[in-house]
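Engineer: following is a predicted model, sequence given first.
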Amino acid sequence: MNVSIRKQLALIFIGLMTSVLLVSMLVNTFFLEDFYYVRKREVLVEAYEKLNQGIHADGSMLVKELEAYEDLCTSNNIMYVVTNENFEKVLCTQTDPEYIGAMVGRLNGYEWGFDLDKSATILEQNENYTLQKKYDNALERDYLEIWGKVDSGYYFIMRITVESIRDSVKISNEFIKYVCLVGILLSVGIIWWVTRRVAAPIKELTELSKRMADLDFGVKYTSGGSNEIGQLGMHFNQMSEKLEKAYSQLMTANNELQKDIEEKTRIDEMRREFLSNVSHELKTPIALVQGYAEGLKECINDDPESREFYCDVIMDEASKMNQLVKKLLTLNQLEEGNEQVVMERFDIVMLIRNKIQSVSILAQQKEAEITYCGSDSLPVWGDEFKVEEVLTNYLSNALNHVDGERRIVIKAAASGSKVRISVFNTGRPIPEQDIGQIWDKFYKVDKARTREYGGSGVGLSIVKAIMESFHQKYGVENMENGVEFWFELESGTVPIYACGDSRL
């Protein structure tokens, strides 16, 4: 224990009151008069700078600059006169003409190098102005004066009345009164704060003892201090520290164990699901490759056309397995969150047109017509490569299921802060019981048709993973004569809409 509470309070109060009185006396004795004169000098220099910057060669000033100058002079009781080279009045304080004439005469005398009473004390002098303290015999007052010549060639004189000694004493006494008042208020505030500081630790210790009685060992005394209360609080902390540490270690270990169990369960479930789906999807193409390879080996058909057919089947099935593996790897990376999403601003219309161009040959083979309806330019935010993957899967799905009129329509339209991109194809609708499952891995509505065009049932799962990584909406709707798949992106701007077709 270093210092008791009683001694601390006594030292604080005595030191506080002594400091307030000493500081008040020192400030009044050494700084008040200097502060008074410095402030008046700063005001005069500021008025000179405003005049020098604002007055033009013809003696005029802009209304705004003149108002600012006059406001400064009025608020600080500055009397001023501005004359031309012939000492003819240009600007002046609105006061007694005789007084203004006297100021003009004084300025004339200063500029010609003589002072009638030789009573001026120069405080600052440079090539632009002279700042001096002067006693006016006619008015029996002290003045601070600044006179000289502005850059535009006009002469000026400005003066501020300096209060008499009696007025200065009055100001000094008033100043001391304010300082003492502030000191008293400050002392009351500090005393209140100190007493609160003394009472707060006691109140905190009371609350801590209650919580520890309820077996809450995580509480800590935080007010500190080196007196009796501080020592008691330190003992409280020592008592609860080991119990808190043990409890914290137990909770951390339990939390880590729970996370490890959940992660292991998730990985095992994903592994079982992945192996089951892959083995199911690869079983048929592997069987076909094996069967046709055995046929080639046993020379079932010796003619070149049959051998070429067997080889084509093997190559086609191998290509399907290769594409399936690539899609599975892409989907796995997306679901694991290992694919970095790079958000950038790009034109979705340009991407759509490029994609239509790239599938034009396939569209001709399918005897399908692809049209686009939307803006000529529509900026959006997203990962351009992943958006292209979504659009590719939608177009591929549309080309493989187009029927009837064999039309595919791509639309892009802005709505508020979103842009919706849709791919519609004529053909049979998706059964209602299958709509909610088409986004699952390896799910196929028509397995025979999917097998016919080489589908794997993974494309829409990739779309789902990409759009969820964007935190954007996607979906499918059955229309009157076909099916429409859609997705949304953040709009990059508000476009000017103009509908038109782009046919291939």
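Structural biologist: Noted; the coordinates are in hand.
Engineer: got the contact list for Gly404?
Structural biologist: Contact partners of Gly404, counting by Cβ atoms under 8 Å, 6 or more residues apart in numbering, are Thr426, Gly427, Asn481, Gly482. For every residue, glycine as well, the C-beta is placed using N, CA and C.
Engineer: which among those residues gets closest to Val27?
Structural biologist: Gly482 (89.6 Å; Cβ to Cβ).
Engineer: next up, phi/psi of the nearest residue to that closest one once chain neighbours are set aside, please.
Structural biologist: Nearest non-adjacent residue to Gly482, counting by Cβ to Cβ, 6 or more residues apart in numbering: Thr426, 4.1 Å away. With angles defined as degrees, to the nearest 10, Thr426 sits at phi -70, psi 150.
Engineer: where along the protein do the strands fall?
Structural biologist: Along the chain, the segments classed as strands by DSSP state E run 79-83, 89-92, 121-125, 129-136, 141-149, 155-162, 344-347, 369-374, 379-382, 407-415, 418-426, 474-478, 482-491.
Engineer: okay if I get the ones you listed as a markdown table plus distance to Gly15?
Structural biologist: Shown next, in a markdown table, are the strands of the chain (distance: least, Cβ to Cβ, whole Å):
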| stretch | distance to Gly15 |
| --- | --- |
| strand 79-83 | 48 |
| strand 89-92 | 56 |
| strand 121-125 | 40 |
| strand 129-136 | 40 |
| strand 141-149 | 40 |
| strand 155-162 | 38 |
| strand 344-347 | 65 |
| strand 369-374 | 79 |
| strand 379-382 | 64 |
| strand 407-415 | 71 |
| strand 418-426 | 68 |
| strand 474-478 | 73 |
| strand 482-491 | 64 |
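Engineer: and these as JSON lines, adding distance to Lys177, mean pLDDT and mean neighbour count?
Structural biologist: Below are the strands of the chain laid out as JSON lines (distance: least, Cβ to Cβ, whole Å; pLDDT from 0 to 100; neighbours: other Cβ atoms under 10 Å):
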{"stretch": "strand 79-83", "distance to Lys177": "30", "mean pLDDT": "88", "mean neighbour count": "21"}
{"stretch": "strand 89-92", "distance to Lys177": "38", "mean pLDDT": "85", "mean neighbour count": "16"}
{"stretch": "strand 121-125", "distance to Lys177": "29", "mean pLDDT": "86", "mean neighbour count": "12"}
{"stretch": "strand 129-136", "distance to Lys177": "27", "mean pLDDT": "84", "mean neighbour count": "18"}
{"stretch": "strand 141-149", "distance to Lys177": "24", "mean pLDDT": "85", "mean neighbour count": "19"}
{"stretch": "strand 155-162", "distance to Lys177": "22", "mean pLDDT": "86", "mean neighbour count": "21"}
{"stretch": "strand 344-347", "distance to Lys177": "66", "mean pLDDT": "92", "mean neighbour count": "14"}
{"stretch": "strand 369-374", "distance to Lys177": "79", "mean pLDDT": "91", "mean neighbour count": "20"}
{"stretch": "strand 379-382", "distance to Lys177": "66", "mean pLDDT": "92", "mean neighbour count": "22"}
{"stretch": "strand 407-415", "distance to Lys177": "70", "mean pLDDT": "92", "mean neighbour count": "19"}
{"stretch": "strand 418-426", "distance to Lys177": "68", "mean pLDDT": "94", "mean neighbour count": "22"}
{"stretch": "strand 474-478", "distance to Lys177": "76", "mean pLDDT": "91", "mean neighbour count": "16"}
{"stretch": "strand 482-491", "distance to Lys177": "65", "mean pLDDT": "93", "mean neighbour count": "20"}
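Engineer: for these, which one sits closest to Met61?
Structural biologist: Proximity to Met61, assessed across these by Cβ to Cβ, is greatest for strand 89-92 (7.7 Å).
Engineer: what does that closest one contact?
Structural biologist: Strand 89-92 is contacted from outside by Ile55, Gly59, Met61, Tyr80, Val81, Val82, Thr83, Asn84, Ile100, Met103, Val104, Tyr154, using Cβ under 8 Å, 6+ apart.
Engineer: list just the nearest of these to Val463.
Structural biologist: Nearest to Val463 among these, with distances taken as Cβ to Cβ, is Met61, at 71.5 Å.
Engineer: tell me the phi and psi of the closest one?
Structural biologist: Dihedral angles (degrees, to the nearest 10) for Met61: phi -130, psi 150.
Engineer: can you check the pLDDT for it?
Structural biologist: For Met61, the pLDDT comes out at 83.
Engineer: Val20 is in contact with Leu186, correct?
Structural biologist: Yes - using Cβ atoms under 8 Å, Leu186 is in contact with Val20, at 7.2 Å.
Engineer: buried residues, stretch 253-270. List them.
Structural biologist: Buried residues in stretch 253-270, counting neighbours by 16 or more other Cβ atoms under 10 Å, are absent.
Engineer: quick one: average pLDDT of that stretch?
Structural biologist: 79.
Engineer: okay, and the beta partners of the residue nearest to Asn128 when sequence neighbours are not counted?
Structural biologist: Residue nearest to Asn128 in three dimensions, not counting chain neighbours: Gly148, with 5.4 Å by Cβ to Cβ, 6+ apart. Counting by DSSP bridges, Gly148 forms beta bridges with Tyr129, Phe156.
Engineer: what residues are up against Gly148?
Structural biologist: Tyr48, Asn128, Tyr129, Thr130, Tyr155, Phe156.
Engineer: now the residue nearest the centre of the chain: how far from Glu490?
Structural biologist: Geometric centre of the chain, nearest residue: Met343, 17.1 Å, by Cα atoms, centre = their mean. Per Cβ to Cβ, to the nearest Å, Met343 is found 8 Å from Glu490.
Engineer: picking that back up, so for the residue nearest to the centre of the chain, what pLDDT did the model give?
Structural biologist: 86.
Engineer: wouldn't it be in contact with Glu384 here?
Structural biologist: No - with contact defined as Cβ under 8 Å, Met343 does not count as touching Glu384 (9.6 Å).
Engineer: the residue nearest to Gly482 contacts Val402, doesn't it?
Structural biologist: Yes - contact criterion Cβ under 8 Å: Thr426 and Val402 qualify, at 6.2 Å.
Engineer: any common contacting residues for those two?
Structural biologist: With Cβ under 8 Å, 6+ apart as the test, Thr426 and Val402 both reach Ile408.
Engineer: where does the prediction get shaky in the stretch 1-150 of the chain?
Structural biologist: Counting by pLDDT under 70, the stretch 1-150 of the chain contains low-confidence ranges at 1-10, 25, 29-33, 94, 114-119.
Engineer: at 80 what do you get?
Structural biologist: Across the stretch 1-150 of the chain, the ranges flagged by pLDDT under 80 are 1-37, 59, 94-96, 99, 112-120, 135-142.
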